[in-house]
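Q: Got a sequence here, can you model it:
(one chain, ligands or ions: 2)
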Amino acid sequence: MSLYIGLMSGTSLDGIDAALVEIRDENAPRLVATQDTPMPETLRDLLWRLCHADRVAFSELADAEDTFCRLQAAAVEALITSSGVERTTISAIGSHGQTIEHAPKGHGGGPAYTLQLDNPSLLAELTGCPVVADFRRRDLAAGGQAAPLAPAFHEALFRAHGEWRLVLNLGGFANLTLLPPAEDERELLGFDTGPANALLDAWHAQHRGGRFDAGGAWAASGRVDEALLERLLAEPFFHLPPPRSTGRELFHLDWLQRQLQGEEAPQDVQATLAELTAASVALGVEMAREGLDAPPAALLIPCGGGTYNPDLLARLARRLPETSLVSGDDWGWPAEWLEAGAFAWLAWRRLAGLPGNLASVTGATGPRVLGGIYAP
Ligand SMILES: Nc1ncnc2c1ncn2[C@@H]1O[C@H](COP(=O)(O)OP(=O)(O)OP(=O)(O)O)[C@@H](O)[C@H]1O
Ligand SMILES: CC(=O)N[C@H]1[C@@H]2OC[C@@H](O2)[C@@H](O)[C@@H]1O[C@H](C)C(=O)O
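A: Ligands and ions are numbered 1, 2, ... in the order given. From the prediction side, this is the model:
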């Protein structure tokens, strides 16, 4: 038996998710304990600024990296204490880091890059555990998108005999995995479908303040502006064949603003953004099914913070009438802990010398062992 800790801080900048995972064999990872460490507002503001700045001072970058790493170390300490495990039994910590910018095709003819703020050396020093980090750049170096990486973990957890399954992460951004039945030899498909909560959060913050539209209540009070929805859905990203990944670089408030005519009621824009998430996921589901020539009926396992938004889930259910939504909780893996679990599992793959990417998902030229190891 081996124990791994996965650390994930996603695009929503809401905090550090730490998951303690036991791995006995490749396809049976087990979630042992979890720790949610909220991001202090000062760090969130600093990271937000870095994510949106054209120019950044190195000292600001160093400050953000140091503060972020110490928060990660505190999350690890809290997890070790609450779970009661011996530090020495932890084989490694898998640290995703904080994505600051993701440009898998480069900008203006420049090189491809994906930037995760992280300091695995300091984390190894502070925790006394081996750390695996820098998971994305090897895939990028091999010509891939470097994202999404979670589909391989979705396969390990959820691929089953006799059933087509979809896994949908509704974080700041959404990624979708279509899993063929286990007896089917076809490889899975996985890709980002577009924004999930990022625009909903940003529009809500601008008009009502606060972190998010709790339960999607404000969106539910508005009416979908069909003309606006159509203009938003005309964005070429939604129609690109996979491999594809995205982030704040494309989907931000200015992108939305360009499609507004100025007379829309704010709650109608919120409703339209929620519908955009559902519609772009439905487009992705259709694309995935066509890609694998899959039957329409499938089970969909939603995960990520969007599962706390009944308005969003209802919109998804309406757009995907042939698909039943079943929570990941029902398989013993709570929906909000999949991503942190994925990075524990990826750390195990690194130590085992096994590839972490799926070339069929990222478009890399082949399977690659992902990440670097930082000894304690
Ligand atoms: N009670 C709630 N009601 C509505 N939305 C919620 C609720 N709780 C969480 N969310 C949404 O979920 C988001 C956080 O989701 P999650 O933690 O999965 O994102 P992330 O991991 O940061 O993003 P990504 O997967 O893109 O990296 C919040 O920003 C919010 O939009
Ligand atoms: C570059 C980056 O951090 N991408 C995230 C983001 O959040 C959701 C989606 O966009 C996904 O592509 C990815 O995260 C998950 C963990 C992944 O790689 O599967």
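Q: Next, the contact list for the closest residue to residue 375 other than its chain neighbours, please.
A: Spatial nearest neighbour of residue 375, excluding adjacent residues (Cβ to Cβ, 6 or more residues apart in numbering): residue 130 at 5.7 Å. Backbone N, C-alpha and C define where each C-beta goes, glycine included. Going by Cβ atoms under 8 Å, 6 or more residues apart in numbering, residue 130 touches 91-93, 124, 351, 373-376.
Q: Would you state the strands of the stretch 251-376 of the chain in chain order?
A: Under the criterion DSSP state E, counting those that start in this stretch, strands of the stretch 251-376 of the chain are mapped to 298-303, 323-325, 372-374.
Q: Any idea which of those strands gets closest to ligand 2?
A: strand 298-303 (10.4 Å; Cβ to the nearest ligand atom).
Q: helices or strands up against that closest one?
A: With contacts taken as 3 or more Cβ pairs under 8 Å, 6 or more residues apart in numbering; DSSP states H and E, strand 298-303 sits against strand 165-170, helix 310-319, strand 323-325.
Q: which one of those lies closest to residue 287?
A: strand 165-170 (11.9 Å; Cβ to Cβ).
Q: Spell out which parts of this protein neighbour ligand 2.
A: Residues of the chain that fall close to ligand 2, judged by Cβ under 6 Å from any ligand atom: 10-11, 99, 102, 114, 147-150, 169, 171-173, 175, 192, 245, 247, 339.
Q: redo that, cut-off 8 Å
A: Neighbours of ligand 2 within the chain, by Cβ under 8 Å from any ligand atom: 8, 10-11, 96, 99, 102, 114, 116, 136, 146-151, 169, 171-175, 190, 192, 196, 245-247, 304, 339, 342-343.
Q: Locate residue 201 within the secondary structure: which element?
A: Under the criterion of DSSP states H and E, residue 201 resides in helix 198-208.
Q: Let me see the mean pLDDT of the next helix or strand after that helix.
A: Next helix or strand after helix 198-208 toward the C-terminus (DSSP H and E): helix 217-220. Helix 217-220 shows a mean pLDDT of 98.
Q: and what of stretch 266-274?
A: 98.
Q: cool, stretch 245-259 as well?
A: Taken as a whole, stretch 245-259 has an average pLDDT of 97.
Q: does residue 109 count as helix, strand or coil?
A: Here residue 109 is coil, with the state taken from DSSP: H, G, I helix; E, B strand; the rest coil.
Q: what ranges do the helices span in the stretch 101-250 of the chain?
A: Assigned by DSSP state H, counting those that start in this stretch, the stretch 101-250 of the chain shows helices spanning 120-127, 137-141, 150-158, 198-208, 217-220, 226-233.
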